[in-house]
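Engineer: sequence plus predicted model, see below.
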Amino acid sequence: MKKILFILSIVGVVGFVLSCAKTETTPQFPASSASFTATPSATTVAAASTDSTNGVLTFTWSDPKFSAGLRQRKFTVYVAPT
């Protein structure tokens, strides 16, 4: 009886290990030495409170040919009072 429980437990552990779902590996992109430049449409921004829903600044940027492409990139613009 002990041998049967031992064999069943081994089969159960092996079955559990083999049934685990494998996740995809994270894609690795090669390092790029390309530079990225963003140019604002204005160097000084002073938006009136009545125009709070209108855009006051636009950016144009160069395409550095990243392996993932610019559409899959996120950029953060920090604004300071000075």
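Structural biologist: Yep, that arrived.
Engineer: show me the helices in this structure, by range?
Structural biologist: 2-19 (DSSP state H).
Engineer: what helices and strands are in contact with the lowest-mean-pLDDT helix or strand in it?
Structural biologist: In the chain, no helix or strand scores lower on mean pLDDT, DSSP states H and E than strand 59-61, which sits at a mean of 77. Packing partners of strand 59-61 (3 or more C-beta pairs under 8 Å, 6 or more residues apart in numbering; DSSP states H and E): strand 38-40. Yep, even glycine has a C-beta here, placed from its N, CA and C like the rest.
Engineer: tell me how far the strand it packs on is from the chain's mean position?
Structural biologist: Relative to the chain's own centre, strand 38-40 is displaced by 22 Å; criterion: C-alpha atoms, centre = their mean, to the nearest Å.
Engineer: got a list of contacts for it?
Structural biologist: 57-61, 75 (C-beta atoms under 8 Å, 6 or more residues apart in numbering).
Engineer: can I get the residues you listed in TSV including distance to Val45 and neighbour count?
Structural biologist: Shown next, in TSV, are the contacts of strand 38-40 (distance: C-beta to C-beta, whole Å; neighbours: other C-beta atoms under 10 Å):
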residue	distance to Val45	neighbour count
Leu57	5	13
Thr58	11	9
Phe59	12	10
Thr60	16	9
Trp61	18	11
Phe75	17	9
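Engineer: closest one to Pro81 out of these, please.
Structural biologist: Leu57 (15.1 Å; C-beta to C-beta).
Engineer: so what pLDDT did that closest one get?
Structural biologist: Predicted confidence (pLDDT) for Leu57: 77.
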